[in-house]
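Undergrad: compute the structure for the input listed below.
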Amino acid sequence: MSGVITASEPSWIAPFTGLSPRQFGELITALRREGADSVRRGRPWSLPLEDRGLLVVAYWRTNLTLRQLAPLFGVSKSAADRIIAHLGPAFALQPRKRFRKDTVLIVDGTLVPTRDHSIAEQSKNYRYSTNHQVVIDADTRLIVAVGRPLPGNRNDCKAWELSGVKAAVGRTTIIADGGYRGIGLVIPHHREKDQAELPTWKEEHNASHRKVRARVERTFARMKSWKILRDCRLKGDGVHHAMLGIARIHNLALAS
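TA: Predicted structure coming up:
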């Protein structure tokens, strides 16, 4: 069909993926190597793997409804739905398993407005959201782990363990904000009840801490340029697959 979006036309790739054609090609090659294009029973896909990958990423990037997105790729709404459900999980970032002894990581949680109320709860922004714990390398700023989504009313201190990121990073040094108090992470100094103000050296430590921890906030800002993370209509594990896929694409764009 003429006039549709296709990965064979490089000019479509950057606007819908945030990647260069070369980076997108590397991603598709990796997906193919991981078995994303293996032969399956039943009717074959109407689009090649490159176009299916572009469709999934374009959906995350634009958050268009499937009724809006499917005609742009020359497929039906139901076909687009099947492609996203089948290929979306294949984009998942695999958590790093080993770290150097001197590695320093940063963790923080971010809320993703999610319409599936079976996995979301009203959070501090009064919207039904899911809490996602994200860990980045303080040096490279690459994402090393993304936890499973928890209801948005779950505080970060609990989510740190329940989401699985605590187990994923082991005993590595972790920097966090004051919401992770009392669980062994490196957090800012707090005033005691009888203190009017912090000593100068503690204030200096806190200023340095804020400067480093801001790197994870900038990571969230880049991730949330993907509009699916501003109002997620996906059900079940869909929001988790989107977070993992976007994290992998973020790393690819940052490292290349």
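Undergrad: just give the closest residue to Val4, not the sequence neighbours.
TA: In this structure, Val4 finds its nearest non-sequential neighbour in Gly74, 4.0 Å apart by Cβ to Cβ, 6 or more residues apart in numbering. For glycine as for every other residue, the C-beta is placed from the backbone atoms N, C-alpha and C.
Undergrad: and if you look at Ser123?
TA: Once flanking residues are discounted, Ser123 sits nearest to Gly152: 3.2 Å by Cβ to Cβ, 6+ apart.
Undergrad: what ranges does the protein have for its strands?
TA: In the chain, the strands defined using DSSP state E lie at 104-113, 121-122, 128-137, 143-146, 150-151, 173-175.
Undergrad: the residue nearest to Val4: neighbour count?
TA: 16 (other Cβ atoms under 10 Å).
Undergrad: just use 4 as the starting number from now, easier for me
TA: From this message on, residue numbering opens at 4, which makes the last subject Gly77.
Undergrad: isn't it right up against Ala83?
TA: No: taking Cβ atoms under 8 Å as the definition, Gly77 is not a contact partner of Ala83, at 10.1 Å.
Undergrad: ok, the residue nearest to Ser126 to Lys127 distance?
TA: Distance, Gly155 to Lys127, by Cβ to Cβ, to the nearest Å: 8 Å.
Undergrad: ok, now which ones touch Ile86?
TA: Trp48, Leu50, Arg55, Leu58, Val59, Val78 (Cβ atoms under 8 Å, 6 or more residues apart in numbering).
Undergrad: got a ChimeraX select line for the buried ones in the residues you listed?
TA: To isolate the buried ones among those in ChimeraX, judged by 16 or more other Cβ atoms under 10 Å, type:
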select :48,50,55,58,59,78
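Undergrad: where are the low-confidence patches of this structure?
TA: Regions of the chain meeting the criterion pLDDT under 70 cover residues 4-6.
Undergrad: related to what we said a few turns ago, quick one: which of the strands of the chain is nearest Thr68?
TA: Judged by Cβ to Cβ, the one of the strands of the chain that comes nearest to Thr68 is strand 107-116, at 15.9 Å.
Undergrad: enumerate the positions of that closest one that are buried.
TA: Those would be Leu108, Ile109, Val110, Asp111, Gly112, Thr113, Leu114, Val115, Pro116, for strand 107-116 by 16+ other Cβ under 10 Å.
Undergrad: give me the common contacts of Gly155 and Lys127.
TA: Joint contacts of Gly155 and Lys127 (Cβ under 8 Å, 6+ apart) are Leu114.
Undergrad: ok, the two, which is more surrounded?
TA: Counting neighbours by other Cβ under 10 Å for Gly155 and for Lys127 shows that Gly155 has the greater number, 24 against 10.
Undergrad: what segments of the stretch 104-253 of the chain are helices?
TA: Secondary structure of the stretch 104-253 of the chain (DSSP state H, counting those that start in this stretch): helices at 159-165, 168-172, 203-226, 241-258.
Undergrad: what residues sit buried inside the third one?
TA: By 16+ other Cβ under 10 Å, the buried positions in helix 203-226 come out as Asn209, His212, Arg216, Arg218, Val219, Thr222, Phe223, Met226.
Undergrad: which of those lies closest to Leu34?
TA: Met226 (20.0 Å).
Undergrad: sounds good, over and out.
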